[in-house]
Structures are given as C-alpha cells and as structure tokens.
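# next one to model:
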Amino acid sequence: MVPPLDLKEFEQTKGRKRLWELWHKYHCPIIGTCLEVDDLRRLARKVGATLLKEAPSDFEVHVSFVAAAEEKNALSIALQKELERRYARSVKRFTAAKSSAALLELWQQALAEGEVQGAFWAVMTHGLADVSVRSRAYEDVHMLSHQIGAGLSADLAALAKARKDLARVRKETEAESKRQARRLQAKLGEIEHLRERVAHQEGIERAYEEMRERLHALAEGHELQALRARVAELESDNERQGRRLADAELRANALETALGAAEAEVVEITACLNEQRRACEALERLVGIDDEAAGCMEQECDTYREGRDGALGLDLAGRRILCVGGRSDLAPRYRDLVQRCNGEMIRHDGGLEDSQQRLQAALASADAVICPADAVSHNAYSRTKRFCKRMGTPCVLVPRSSVGAFAEALTALVEQPHRQALQGPVSLGGERTPSPSRVV
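Numbers count the residues shown, from 1 in each chain. Here you go, the predicted model:
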C-alpha cells in the first residue's frame, strides 16, 4: 500500500532539492530519462557498489539505482553529482525563474525544443517547484515516453515497407537486366551480320574496279560489246548494293542508338536500387532494433523504451546539427533521428519564413549542416554552400528531403571522420553536387 503524500515536503523552498529529498515516485523517471544504463553501470563501478547479481540486466541496474535514490548513500550521492555535472547549463538556465509560473514556462519551452533531459532534472530539483509544477513535468515526461514508442512503431512499419519495396525493385531490376542482356545479344548478332554484308559489298566494289580496267584494255576487242553489257549489269547491281548498304548503315546506327539508351536505362535503374539500399541500411542502423527488441516493443515494454537510446549504432557526440530546408512535416522525424544519435538539431526552413539573417546566425552556431536540395531556396542553398566551404564546416548535401536520405547524411557525418576530415560541403549519391529543384 502506497503511504500518503506529505505535502509539506513538496512546498516551495529557497534551496534546490537533492535526489534523495524528492518523492520516490519521481526517482524512476528522473534516472530513466536523464541517464543511460551504461552511465549507471559506470557509476556503480566507480563507487564500488555491489548490485543484486554479478551480471544484472539493464532493468535490474535501473531498479537498483531507483531503490538507492530513496536515501542518502554512496550510489545516490554519485547520481546527484553526475546529474549536476552533466546538466549544469540547464540548472543555470532555470535559476532565472523567480516564480512557479516562470518555472513552468521555461519547462514548456524546453519541452518544445526537445531539450528534455537537462530541463527535467533542473525543474524537478528547483527550489520554487511546487507539487503542481513537478506533477506537470512528471506527466509530460510520462506521455512523451508513450509518444516516442508510437513513433518508433511507425518507423518500424516504414522500414518493413521499404524492405518489401526494395525486394520488389531488386526482382524487377534483375528481370529487366536479363531482358536487356537478351536484346543486346540479339542486336550484337545483327550488327555482326551487317558487317559481313558490308565486307561482301566491298568485295563487289573491288571486282567492279577490276572489270573497268579490263574494259579499258579491251576497248577495241571482240568481247567489247559483251563486256559493256556485263559492266552495265554490274553497275546496276552496284547501285542496288549501294542502296542496300546505305539502308544497312541506317539500321546499324539505329541499333547503336537503341543499345546506348538501353545501357543508360540499366545504369539508372542500378543507381536507383543502390540509393534505396543505402537509405534502408541507414534507417536500419539508426533504428538499431533486432527481432528480440521488436517483440519486446510490441508488448509495450517500458524498460526497453527507457534504455533503447543507448543501443543506437551512431553517436554524434552532442554535436549541433543544422538542417537548412527540408519538408516541414518531416522536421520532427529529422529531430528524432538526431536526438537518437546523441545530437542536437536546429532548423532553418530554407527561405520560406525564416530570415536570411537568422540563417547566418544558425550557420555560425552549428557544428555540422545537412541541406536537402529538393526543398530549399536557391539563395539559402548557395549561402549555405559558400559559408561551409569558407569556414570548413562539415556539410552534407542530399538530393531529397526524405527520412532515408536524412539518415544517410547522419551516417556520413558520423563515419566520415574515420576515413578523412570532412571539411566543407559534400554530396550524397554521386560526385556531382545536387542543385535545388524548387523553392520551399
């Protein structure tokens, strides 16, 4: 049975609350939201704490720290220090609030901007946070976990559809490649036949020249009349063969043109297939979910949703990513992908409503830039390229504003430093830099 809540403990105080001074109901969301399981294991090893088992699961580690947070001890003190160190900037920001209303306004602003972890710790421990403020923050974080789980389900559904489409395209491409190969073989055979006919025609022309020399030598001989008749016949045959040769050359040119078009079509289909494969691989890596984890999610496992951020394969190391342009309806998906990769995203709409002065300021504050070329103004696109080239800011130019293309760009930003320094703008999907196709 849950003991009655002592409201005096949650009245406004002048100083900030420590972790063990908060109601135990808040310990679970604070620890699960603000720290990853790997952080908890590291803190346990640092203080020399012994957990319930020799090899505890993520859930058991989380439960152990939640239980330890109810009173002041080595684990709770280590948690307090780690949270204070990690979210010092957020705590300093919330110190400016001089009333519960101002504190709640700062919380709502941070929630809208996606800065949940530091803001949640700052508001829950603030000296002016009363029961209503802490309850509101607790409710928002609780509902946010549900929304993230629903978004992850949508991503999995989209990934499954993409895999199905990829398999279909691969099958169609293989069939088309076989058909083109058969057509190419037939056309090569026809070209070889035409070459043989051309060689035969050249032999006829040589014979004609020999005959003309013979006629010249026998101009006064008895066979002159017969030879003239033979020459007339050969000339007529030569004229016919010339017309046939011209027709054969026209047909050969047409076949070569058709062959070039078929080869270009095969190259285009192959490029499209490779691009869709790269997008699927990037989405698979960002989602980072295996079959066992997917089954857990279908059962609405809260423990998995709390710890899944630590399982991603990409780490932006807290870098601030600026998205210039892109589809506005996909902006929350972009931001979710960046946050899952341990990054922070800011966005400029590429010229629709945001001013050019704001674009310059956003570029100056970004650690890296992603620019979808199909949904950005020409002016914003050009200014972004010039700024990144001049300042050496990592910049990935993607041809489309889809979630898959954005995921490829994040993968390029994370993996490129392992191969060479990424300085200035680069493009995905080929060497040629994409151009903006329309104004957002």
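# now Gly350: which helix or strand?
Per DSSP states H and E: Gly350 is located in neither a helix nor a strand.
# who touches it in this structure?
Each residue near Gly350 by CB atoms under 8 Å, 6 or more residues apart in numbering is listed here: 324-326, 371, 375-377, 380-381, 440. To be clear about C-beta, it is placed using only N, CA and C from the backbone, and glycine gets the same treatment.
# remind me, longest helix of the chain?
When the chain is parsed with DSSP state H, its longest helix is helix 131-217.
# tell me which helix or strand comes right after that one.
helix 224-287.
# rewinding a little: let me see the mean pLDDT of the longest helix of the chain.
Taken as a whole, helix 131-217 has a mean pLDDT of 82.
# so it versus helix 224-287, what angle?
Inter-element angle recorded for helix 131-217 and helix 224-287: 170 degrees (by axes from the mean of the first three to the mean of the last three CA atoms, to 10 degrees).
# counting by contacts, list what helix 131-217 packs against.
Judged by 3 or more CB pairs under 8 Å, 6 or more residues apart in numbering; DSSP states H and E, helix 131-217 is in contact with helix 27-34, helix 100-112, helix 116-124, helix 224-287, helix 291-298, helix 302-307, helix 331-340.
# please save the CA atoms from the last one in CSV.
Read that as helix 331-340. Output of helix 331-340 as CSV, limited to C-alpha atoms (Å, rounded to 0.1, in the frame of the first residue of the first chain):
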residue,chain,number,x,y,z
ALA,A,331,11.1,18.1,-39.3
PRO,A,332,10.0,16.2,-36.1
ARG,A,333,11.3,12.9,-37.7
TYR,A,334,14.6,14.6,-38.5
ARG,A,335,14.9,15.9,-34.9
ASP,A,336,14.1,12.5,-33.5
LEU,A,337,16.8,10.8,-35.6
VAL,A,338,19.4,13.4,-34.5
GLN,A,339,18.4,13.0,-30.8
ARG,A,340,18.7,9.2,-31.0
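# now that helix: buried residues?
333-340 (16 or more other CB atoms under 10 Å).
# any chance of the residues you listed in CSV, with distance to Trp121 and pLDDT too?
Formatted as CSV, those follow (distance: CB to CB, whole Å; pLDDT from 0 to 100):
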residue, distance to Trp121, pLDDT
Arg333, 26, 95
Tyr334, 25, 93
Arg335, 21, 95
Asp336, 21, 95
Leu337, 24, 93
Val338, 21, 95
Gln339, 17, 94
Arg340, 20, 93
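# ok, so of the residues you listed, who is nearest Asp349?
Distances from Asp349 to the buried residues of helix 331-340, taken as CB to CB, are shortest for Tyr334 (12.1 Å).
# which residues are in contact with the closest one?
Tyr334 neighbours (CB under 8 Å, 6+ apart): 323, 326, 345, 347, 403, 406.
# and those residues, which two are the farthest apart?
Using CB to CB, the contacts of Tyr334 reach their maximum pairwise distance at Arg347 and Val403, which is 14.4 Å.
# before we move on, the earlier item: turn the contacts of Tyr334 into CSV, columns for distance to Glu172.
Below are the contacts of Tyr334 laid out as CSV (distance: CB to CB, whole Å):
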residue, distance to Glu172
Cys323, 33
Gly326, 30
Met345, 36
Arg347, 36
Val403, 23
Phe406, 26
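# the residues you listed in helices, which ones?
The helices, defined by DSSP H, take in 403, 406 from the contacts of Tyr334.
# out of the contacts of Tyr334, flag the one nearest to Trp23.
For the contacts of Tyr334, the nearest to Trp23 is Met345 (33.2 Å; CB to CB).
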